[in-house]
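Q: kindly generate the corresponding structure for this input.
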Amino acid sequence: MISKKLKPESIAEYIKSAPREAQEKLREMVACIRATAPGAKEGLKWGMPSFSYNRILVTFAAFRHHIGFFPTTSAVKAFEKNLSKFKTGKGSIQFPLHKPLPLPLIRKITRFRVQECLRSDKKWKG
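A: Coordinates of the predicted model:
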């Protein structure tokens, strides 16, 4: 979890304030999403790094033992079979810190979200 002492104002500041063991994975996550969604607006939503076009594509956050990835309920449902080895919630996925990030899967999910965003005018589709 990110320190509450200093509230980050950018993704770079968020990563810098994250636990050391999560920082490299967070940088990998950012690079993967940037490459998959070029031109997406970067920022912080609910205190977490986020990427959006007309609406939020994905958000993610560092936790004590995992990176939480929040691509919405529709994306988690669409990739349910691919996510069987990860802990998931209604619109969330947990990637353990002690294992490599599944970057090809993150790319596929992000591409899916880009297509959803391009087809809809809603701000957030859960």
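
Q: can you tell me the closest non-neighbouring residue to Pro106?
A: Not quite, residue 106 is Ile, not Pro. The shortest distance from Ile106 to any non-neighbouring residue, by Cβ to Cβ, 6 or more residues apart in numbering, is to Cys32 (5.2 Å). All C-beta atoms are positioned from the backbone trio N, CA, C, and that covers glycine.

Q: dihedrals phi and psi, the one you found?
A: When read as degrees, to the nearest 10, the backbone of Cys32 gives phi -60, psi -50.

Q: got phi/psi on Ile56?
A: Backbone torsions of Ile56, given as degrees, to the nearest 10, read phi -70, psi 130.

Q: list the buried residues for stretch 37-53?
A: Ala37, Ala40, Leu44, Met48, Pro49, Ser50, Phe51, Ser52 (16 or more other Cβ atoms under 10 Å).

Q: again, but for stretch 75-82
A: For stretch 75-82, by 16+ other Cβ under 10 Å, it's Ala75, Val76, Ala78, Phe79.

Q: also stretch 59-67?
A: Thr59, Phe60, Ala61, Ala62, His66, Ile67.

Q: so who does the residue nearest to Ile106 touch?
A: Leu101, Leu103, Ile106, Arg107, Thr110 (Cβ atoms under 8 Å, 6 or more residues apart in numbering).

Q: now the residues you listed in CSV, with neighbour count, distance to Ile93 and secondary structure?
A: Shown next, in CSV, are the contacts of Cys32 (neighbours: other Cβ atoms under 10 Å; distance: Cβ to Cβ, whole Å; DSSP: H, G, I helix; E, B strand; the rest coil):
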residue, neighbour count, distance to Ile93, secondary structure
Leu101, 18, 11, coil
Leu103, 14, 13, helix
Ile106, 22, 9, helix
Arg107, 15, 14, helix
Thr110, 24, 12, helix
